[in-house]
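> let's see this in three dimensions:
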Amino acid sequence: MASSAPSTVPTLRRSVAMVWRSLRSMRTALILLLILALAAVAGSFVAQRPNSPLRVAQEFRDHPLRARIFDALGLFDVFGSWWFTLVYTLLLISLGACLIPRTRAMIRNLRARPQPARELDGFRHYAEVPVAGGPDAAADRAQRVLRRRWFRVQRAGDQPAVAADKGLAREAGSLLFHWSFFLVMIGIVLGKGTGFTGFAVITEGQCWVEAEANYDGNLRVGRYFGGDHTGARICVEDFEDTYRTSGIPMDFVTSATLTSGDGQVTTTHDIRLNDPGSVDGLNLYQFAFGWAPEVTVRRGDRVIADGPIQFERDPVPDGVSELAVPWHGALRLPTLDPQEGVQFSLWPSLDAFLAFQETREPNVMMTGARNPVMLYDRYIGDLSSELRPSFSEVDTRGLRPAGGGVIGEGQVVSLETGKALRGKELERAETEGELTMTFGGVRQYTVLQVSRDRGLWVMLAAAILILVGLLPALYTARRKVWVRAEPAAAGSVLKVGGFALQRTSQFSEEFERLVDDLRGGAGDDAAPGSDRAERVGAR
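Below is the predicted model:
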C-alpha cells in the first residue's frame, strides 16, 4: 500500500514561502540591521575610494595583497558595494513585511469594541463592591467612571455589564516608531543616493557657478545622481575671520550674494559655521579659508599671468597651532619658452620669516597680513611632465632650479636676477622685455561645502515622528477592565475584574484606585449596613 505522507522535497513555491516567512520575522530584521552596522564600522576604518582615492592608491602601493583582498570584498566602497545594497534592500523588505501585518492588526483592534468576559473572579485583579441602586443604574454610572479614566467602553447589550480597555496608543506609538525608522531609511536612499557634496573655493571679489567642472575634482555624487546641477551663482563680497588674543579663532564669516540658476532670485547671506546659506535647494556650509596673494607676471609690458593665487597650508606638526604654519602656493607659466613654475611660501612679515630662519620652528601666527612677504623659487622645464599636479605645489621632478628670492607687498622683482625693481630699473626692465613679477597684495578665499540632500525633510519628519511614537510607549500601557452589576439584598454588587498587558506591577495600585472610583461613582453612598467594600485584590 502506497504511503500517503506528504512529500518533503523542496519546491520553488516552498522555498519562496520559507524565505518570505524568514523576512517577516523581526529577528531577521534585527540581524540585517546588525550587518549594516558592522558594514558601517568597516566603512569607517577602511579608506573609501569615493572619499579618499589617494589613500586607497597608497594602500595598493604599501600593502598590495591586503588591498586586493579588500577590493575584492568591496571594502574600499562599502556603501556602494552590491552586498551592502542587497542587505539594505532586504532590510527594507523585512521591515515592510513585519509592519504591514501589525498595522492591519492595529486597525482591526481600533475598529473592534471591548468584549464582555464571563468569569471575572478568574482574573488576577478582582474586587466586589456593594453599592446602592439597581444593577442598570450602577452599570450606567460605572460606565461614566471608566470613560472619565480614558477607557474605551462597550455596554453588553441590555445587560448590566461593561467591558473597557485602554492603551492602544502604546501599540500605535510602537508602529509609528517603526514606520518612522522605515522612513529614515527611505530618506537616506533619497538624500544620499540622489544628492551630492562638493567644495567651492572662492576668492574675495570673485564669483563661482555651481557646475560639475567648477568643483575641480572635489565632488562626491550619490549612486543615483542624475547630473542635474543647478547653475546657481555664488559671489563672495568679503571674508572676515576674528581671533582671540591667544590666537584661537572666534568666527569665520563669508558675505556672499546668492543667485538662483534662473537668475530670478538673488539674496545676500553671511555664511558662518553654524549658519549655512541656501539657494536652489543647495546648502552652503562654511568649511575653511585661506590666503590668496595677488601676483602679476609680465614680459616687458605684456601681461603673462595676473590674479590671486590660492595658497594651502602644510600639515601641522604635533603641538603646533595651525596658525603658526606658513602658506604655500604655486604659479605655472606654460606660455613661456622654456616653461616655468614658481613655488611660493607666504609669511605675515619679514621678521617672522627671519625668526623662522633662526629657530627653524613654525611660529608665524598668521592671523593677518599687515606687511606680508613671499619667499619664491623658480623651476624651469617641461611642466607637462608633472606626475602629481597640485594648485599649491609644483612637482619639481624633471625640472631644474633657476634661483629665487623674497618679495614684499607692493614690490616688483626681476625673475631673471631676483632683484627688486623700482624707478628707472623698472622702466629699463619693461623696455628690454625682462620677466618681472609684482606682489600686489593679499586677499582671502573661502571654502564652502556645497551639499544637496533631497531627503533632508524626510529625515526631519521621520525624526519628529520617532519622538512622537516614543511618548505613548513611555506614558501608556494596555489595560482591560470588566464590570458586572448583580442585584443584592440592599442594592447591587459590582464585580470588577481586570489585567494589564504591560507594567503589571503598577496596575495593582491603579486597579485599587479604579475600584475606589467605581464605589464612589456607581453609588454616591455605599449599600446600607456596609462601611467598606468587600474586595479581593491581586492574586
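
> give me the mean pLDDT for the helix or strand hosting residue 240.
According to DSSP states H and E, residue 240 maps onto strand 233-243. For strand 233-243, mean pLDDT rounds to 89.

> following element in sequence after that strand, please.
The helix or strand immediately downstream of strand 233-243 is strand 249-259, counting by DSSP H and E.

> and that following strand, what does it pack against?
Judged by 3 or more Cβ pairs under 8 Å, 6 or more residues apart in numbering; DSSP states H and E, the packing partners of strand 249-259 are strand 233-243, strand 266-271, strand 277-279, strand 282-299, strand 435-452. Every residue, glycine included, has its C-beta placed from N, CA and C.

> switch to 10 Å and redo it
strand 207-209, strand 233-243, strand 266-271, strand 277-279, strand 282-299, strand 435-452 (3 or more Cβ pairs under 10 Å, 6 or more residues apart in numbering; DSSP states H and E).

> the strand holding residue 240 versus strand 266-271: what angle between them?
Angle of strand 233-243 versus strand 266-271, following axes from the mean of the first three to the mean of the last three Cα atoms, to 10 degrees, is 20 degrees.

> which helices and strands does strand 233-243 pack with?
Here strand 233-243 touches strand 196-203, strand 207-209, strand 249-259, strand 266-271, strand 277-279, strand 282-299, strand 435-452, going by 3+ Cβ pairs under 10 Å, 6+ apart.

> pull out the buried positions in that strand.
Residues of strand 233-243 classed as buried by neighbour count (16 or more other Cβ atoms under 10 Å): 233, 234, 235, 236, 239.

> in CSV: the residues you listed, plus distance to residue 190.
Formatted as CSV, the buried residues of strand 233-243 follow (distance: Cβ to Cβ, whole Å):
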residue, distance to residue 190
233, 27
234, 25
235, 31
236, 31
239, 34
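
> the bottom helix or strand of the chain by mean pLDDT?
Within the chain, no helix or strand scores below helix 350-359, which has a mean of 71 by mean pLDDT, DSSP states H and E.

> just to revisit the earlier point, can I get the helices and strands packed on strand 233-243 in CSV with mean pLDDT?
As requested, the helices and strands packed on strand 233-243 are exported to CSV (pLDDT from 0 to 100):
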stretch, mean pLDDT
strand 196-203, 90
strand 207-209, 94
strand 249-259, 88
strand 266-271, 90
strand 277-279, 91
strand 282-299, 91
strand 435-452, 92
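
> switch these over to CSV; also include mean neighbour count.
As requested, the helices and strands packed on strand 233-243 are arranged in CSV below (neighbours: other Cβ atoms under 10 Å):
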stretch, mean neighbour count
strand 196-203, 20
strand 207-209, 16
strand 249-259, 18
strand 266-271, 15
strand 277-279, 19
strand 282-299, 20
strand 435-452, 21
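
> wait, isn't residue 277 in contact with residue 236?
No - at 11.1 Å, residue 277 does not count as touching residue 236 under the criterion of Cβ atoms under 10 Å.

> quick one: the helices in this protein, in order.
Applying DSSP state H to the chain gives helices spanning 12-23, 26-45, 53-62, 64-72, 82-111, 135-148, 168-194, 350-359, 423-432, 456-475, 504-522.

> between those, which gets the lowest average pLDDT?
helix 350-359 (a mean of 71).

> what residue in this structure is the furthest from its centre?
Of all residues in the chain, residue 489 has its C-alpha farthest from the mean position, at 70.6 Å, by Cα atoms, centre = their mean.

> list the contacts of residue 81.
The contact partners of residue 81, by Cβ atoms under 10 Å, 6 or more residues apart in numbering, come to 39, 43, 73, 74, 75, 87.

> make a markdown table from the residues you listed and add neighbour count and distance to residue 407 to it.
Listed next are the contacts of residue 81 as a markdown table, based on neighbours: other Cβ atoms under 10 Å; distance: Cβ to Cβ, whole Å:
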| residue | neighbour count | distance to residue 407 |
| --- | --- | --- |
| 39 | 19 | 53 |
| 43 | 19 | 47 |
| 73 | 13 | 53 |
| 74 | 16 | 51 |
| 75 | 20 | 49 |
| 87 | 18 | 58 |
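
> switch those residues over to JSON lines; also include distance to residue 101.
Listed next are the contacts of residue 81 as JSON lines, based on distance: Cβ to Cβ, whole Å:
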{"residue": "39", "distance to residue 101": "28"}
{"residue": "43", "distance to residue 101": "33"}
{"residue": "73", "distance to residue 101": "36"}
{"residue": "74", "distance to residue 101": "34"}
{"residue": "75", "distance to residue 101": "37"}
{"residue": "87", "distance to residue 101": "22"}
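
> just the closest of these to residue 57, please.
Residue 57 has its nearest neighbour among these in residue 75, at 15.0 Å by Cβ to Cβ.

> what sits opposite residue 495 in the beta ladder?
Beta-bridge partners recorded for residue 495 (DSSP bridges): residue 128, residue 484.
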